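Dropping a prediction and its sequence here:
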Amino acid sequence: QNYPLYIRSIPTENELKFHYTVHTSLDVVDEKISAMGKALVDQRELYLGLLYPTEDYKVYGYVTNSKVKFVMVVDSSNTALRDNEIRSMFRKLHNSYTDIMCNPFYNPGDRIHSRAFDTMVNSMMMQAC
């Protein structure tokens, strides 16, 4: 339903700008999914790759088989992150999300409040910086 379950940004002073970028990129994700059609419905995961670049950032997307969308915004000047690294980061994020979904006390669709998930996301963000 395109409402965020979890948003984290570093640095925090541009957080509103990142919120806007994430929300606008969800439209691009929907366009890519509809353009790909039924050929990719049978796949277990859907790495969308680079959604769009801006002057300052690159926006990547990933969709699970249950239609959960992950969006990652990376600084354009970071040349150390290649497509394979971004793909592995999305897989790690997807695995952690799956762990949250397996928690019997988590209601699907609620905001994510998990220390383990926070720790994993923070470590990925520090690694990317």
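Received the coordinates, thanks. In this text, all values refer to a predicted model and were calculated from it rather than measured experimentally. Numbers count the residues shown, from 1 in each chain.

Which residue is the nearest non-sequential neighbour of Lys58?
With sequence-adjacent residues excluded and distances taken as CB to CB, 6 or more residues apart in numbering, Lys58 is closest to Val74, at 5.0 Å. In short, each C-beta sits where N, CA and C put it, glycine included.

Let me see the ranges of the strands in this protein.
With DSSP state E as the criterion, the chain has strands at 45-53, 57-64, 69-75.

What residues of the first one count as buried?
Using 16 or more other CB atoms under 10 Å as the burial criterion, the residues of strand 45-53 that qualify are 46-48, 51.

those helices in the chain, which residues are they?
Counting by DSSP state H, the chain has helices at residues 15-36, 83-101, 115-128.

between these, which gets nearest to Glu55?
Nearest to Glu55, of all these, is helix 15-36, at 11.9 Å by CB to CB.

buried stuff in the closest one?
For helix 15-36, the neighbour count (16+ other CB under 10 Å) marks 18, 21-22, 25-26, 29, 32-33 as buried.
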